[in-house]
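# the following comprises the amino acid sequence and a computationally predicted model.
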Amino acid sequence: MEKSTEVPSTPSARKALKVVDLKAILAEKGLETDGVKAILLQRLEDSLPAPDEEVAVSAVTAETATEEQATEEAAEAQVTEVVASKATEVKAAPAEDAGKSATELEKKKARASRFGVPLASSEDEKLATRASRFGIPPGEDAKKASRSARFGTTEAKGEQAPKGETEEDKAKRLARAKRFGTNDPSLEEDKKKARADRFSCGLTKKEQEDFEAKKSARAARFAGKA
């Protein structure tokens, strides 16, 4: 592989080149290699760029490199700014939550101080505080008892009706019990009577007693066989 001949950078050094070297350089550049040394040297000089052109090319190359470097630096700075912003947001989130909780607590304290009630920290305490404030007993059982006393109804099954009750009061009590779906002894008795009449099929009391006696004897007979 032939070694390429380097072109000297100064005119005097190019002028000192031998004819063989000039022809080798021109051949590498794809130029004609015939003629005497003066013609070969002139042909080489004509193929070289002017000094101003070299300076211009160097300036353009330097400017391009500077722009690329500036672009890369700007991109890196932008990425760094985004990362720092995200980190700040993550750190600020717990602080904001804590601030909100503190604000809500301060509101509750101010409300409790304004109405003269103790600050409740749980649902049970809130219910107890509300019951004490409005004079109502807390709890479901107490609520039922209060409602029963208020409307004159009985919550528990088998509870006796008030003594000295008139027929009109009884009718009102029964209507109220039916309306609110509460248990009432009188209603239970009426249901039992209706059920007995339904299944007696029009039998007299004596006939019903005989029927019950036969049913008991049959049950005892089959129980003995078992």
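Alright, I've got the coordinates.

# what is the neighbour count of residue 181?
7 (other Cβ atoms under 10 Å). Glycine gets a C-beta too; all of them are placed from N, C-alpha and C.

# residue 42 and residue 48, how far apart?
Note on residue 42: its distance to residue 48, by Cβ to Cβ, to the nearest Å, is 11 Å.

# where in the protein is pLDDT low?
1-4, 51-63, 90-102, 117-124, 135-163, 184-187, 196-203, 224-226 (pLDDT under 70).

# hang on, the earlier thing: please say which of residue 42 and residue 48 ends up with more neighbours.
It is residue 48, of residue 42 and residue 48, that has more neighbours when counted by other Cβ under 10 Å, with 14 against 11.

# would you mind measuring from the more buried one to residue 9?
10 Å.

# hey, where'd the helices end up in the protein?
Along the chain, counting by DSSP state H, helices occupy 11-15, 19-28, 37-47, 51-115, 123-134, 140-151, 167-180, 185-200, 205-225.

# which secondary structure elements does the last one contact?
By that I understand helix 205-225. For helix 205-225, there is no helix or strand it packs on, judged by 3 or more Cβ pairs under 8 Å, 6 or more residues apart in numbering; DSSP states H and E.

# so that it lines up with my notes, have the first residue be 56 from now on.
Noted, 56 is the first residue going forward, which turns the last one into helix 260-280.

# send me that helix as PDB with only the CA atoms.
Extracted C-alpha coordinates of helix 260-280, given in PDB (Å, rounded to 0.1, in the frame of the first residue of the first chain):
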ATOM      1  CA  LYS A 260    -115.700 -25.500  72.100                       C
ATOM      2  CA  LYS A 261    -116.800 -29.100  73.000                       C
ATOM      3  CA  GLU A 262    -115.900 -30.300  69.500                       C
ATOM      4  CA  GLN A 263    -112.500 -28.600  69.600                       C
ATOM      5  CA  GLU A 264    -111.800 -30.300  73.000                       C
ATOM      6  CA  ASP A 265    -112.700 -33.800  71.600                       C
ATOM      7  CA  PHE A 266    -110.500 -33.100  68.600                       C
ATOM      8  CA  GLU A 267    -107.600 -32.200  70.700                       C
ATOM      9  CA  ALA A 268    -108.100 -35.300  72.900                       C
ATOM     10  CA  LYS A 269    -108.100 -37.600  69.900                       C
ATOM     11  CA  LYS A 270    -105.000 -35.900  68.500                       C
ATOM     12  CA  SER A 271    -103.200 -36.400  71.800                       C
ATOM     13  CA  ALA A 272    -104.200 -40.100  72.000                       C
ATOM     14  CA  ARG A 273    -103.100 -40.700  68.400                       C
ATOM     15  CA  ALA A 274     -99.700 -39.000  69.100                       C
ATOM     16  CA  ALA A 275     -99.300 -41.100  72.300                       C
ATOM     17  CA  ARG A 276    -100.100 -44.300  70.400                       C
ATOM     18  CA  PHE A 277     -97.600 -43.700  67.600                       C
ATOM     19  CA  ALA A 278     -95.000 -42.600  70.100                       C
ATOM     20  CA  GLY A 279     -95.400 -46.000  71.900                       C
ATOM     21  CA  LYS A 280     -94.900 -48.000  68.700                       C
END
